[in-house]
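# using only what follows, build the 3D model:
(chains A and B)
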Amino acid sequence: MLKDLNTESLLMLYLADELSAPDRQVVAERLAGDAGMRLELERLSGAVQSFSDHMAALDALPLPSESAATRRIGMAIRQSLADRVVRAEPTAPARVIVARYPWWVYSGAAAAALLVAALGWWGRQPSETMYQYSTHTEPTLPVPPSVAMSSSGAVEEGKQMAEGIFAPSSDVLTGSDKAGASLKAAEEQIAELSRSSSEPVPSYFGFSDGNE
Amino acid sequence: MAVDSDESLVARLRQGDAAAGDVLVRRYYSSLTRYLQRLVGNDVAEELLQQTWLSVLDHADKFDPQTGGGGFKAWLFRIATNKANDHWRSRGREKLAHAGLKLVTENEAPHAGHRLEGNEQAQKLIAAIEQLPEPQKQVLMLRYYSNMKFVEIAELLGCPLNTALGRVHKAMIRLKELMAD
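Below you'll find the model as predicted:
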């Protein structure tokens, strides 16, 4: 280290006692043989001592209130620590709604719900056909007043028979021959009843019998 | 009762223990305050002192006791020195100082912040220190107030040991001359 330092630097380290023992020995040997170097050391030593004395006097002067200053700095440190904590706190993450199913499932479910609702609404509406059935009244046979007056009992009997004929029956629907026979029998009975009355009774089916 | 080391206090401060910071501030209050007062004057020293400690807090995570010499004290005085350099730069004085111009003439009144300080001899010393070039003043005050070894000061300032020692030597001789006048 010594070879990198000039004389002033060596003397500064020598005075400060910051040389290793071997280096200090080397400098001491140089001082012993160099009067100019000894003079420089003496000058420097005086300067260091003067500086130290003056600085000691200067530092004897009181500092600004230590308690106030340290308290102020302490508050600044606490504020900085508090700010750091606030900055470090994670901000509440935005609520991310993650779809559990693909998007088309939700669309399909919505469409299905609408369809079910529409069907439900439609099912609760009285349809035209149902209305017709529900308001359907069996046609009443026009009974001529003469028949009603002269032979109301016979006419009623015929009416009932006709109604029996025209009532929905599996026989009527399934057996055309049997239905035709019943129809013919009924017409005959009606015709007979008509003949027994004073005035001819029009056929229920819109044609008159042969007496007319 | 065992005294907490600087390093352990810094570790606690790093974890948010403000009380550890209080201990450190009190421990170095006198030396650091006077160091800054000598460098920048009393008025600015108070502000730079607070900035220094806040900077310590901000960079506590980067402090490594194993790196470099001098431990926490050297690190603390390096931060304070940087604050003073920033102050000089902001005032445009550093350029003048490096150019070797005298910042304060011998007949000029001492810094306003120093006027309240002490007796005539003290004021004379303050005025003499003011006349030193900033690099000389810096290394001289570092040596006096931090009590670090010259090797550590040279490392702190980032200059060769011979340079740091040469500055101190010149500063000492110059101060003695100024005080003898």
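
# so residue A:79, which state does it fall into?
Using DSSP: H, G, I helix; E, B strand; the rest coil, the structure places residue A:79 in helix.

# so how far is residue A:30 from residue A:103?
Computed as Cβ to Cβ, to the nearest Å, the residue A:103 to residue A:30 distance reads 90 Å. C-beta here means a position set from N, CA and C on the backbone, and glycine is covered the same way.

# if you count what's nearby, which of the two comes out ahead?
When neighbours are counted by other Cβ atoms under 10 Å in any protein chain shown, residue A:103 and residue A:30 differ, and residue A:30 comes out ahead with 16 against 8.

# does the helix or strand containing the more buried one come close to chain B?
Assigned by DSSP states H and E, residue A:30 belongs to helix A:21-33. No: counting by Cβ under 8 Å from any Cβ of the partner chain, no contacts exist between helix A:21-33 and chain B, the nearest distance being 12.4 Å.

# go ahead and produce CSV holding the CA coordinates of that helix.
The C-alpha coordinates for helix A:21-33 follow below in CSV (Å, rounded to 0.1, in the frame of the first residue of the first chain):
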residue,chain,number,x,y,z
ALA,A,21,2.5,-2.5,12.1
PRO,A,22,4.9,-3.3,9.3
ASP,A,23,4.0,-0.2,7.3
ARG,A,24,4.3,1.9,10.4
GLN,A,25,7.7,0.6,11.0
VAL,A,26,8.7,1.5,7.4
VAL,A,27,7.4,5.0,7.8
ALA,A,28,9.2,5.4,11.2
GLU,A,29,12.5,4.4,9.6
ARG,A,30,11.9,6.9,6.8
LEU,A,31,11.2,9.7,9.3
ALA,A,32,14.3,8.8,11.2
GLY,A,33,16.4,9.4,8.1
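
# show me which positions of it end up buried.
A:23, A:27, A:30, A:31 (16 or more other Cβ atoms under 10 Å in any protein chain shown).

# for those, which one is nearest residue B:124?
Proximity of the buried residues of helix A:21-33 to residue B:124 was ranked by Cβ to Cβ; the top entry is residue A:31 with 32.5 Å.

# make sure that closest one is actually in contact with residue A:37.
Yes: with contact defined as Cβ atoms under 8 Å, residue A:31 counts as touching residue A:37 (5.5 Å).

# flag the shaky bits of chain A, pLDDT-wise.
A:1, A:90-98, A:127-159, A:161-179, A:196-212 (pLDDT under 70).

# what do you get if the cut-off is 80, keeping everything else the same?
A:1-3, A:64-66, A:84-85, A:87-100, A:125-181, A:194-212 (pLDDT under 80).
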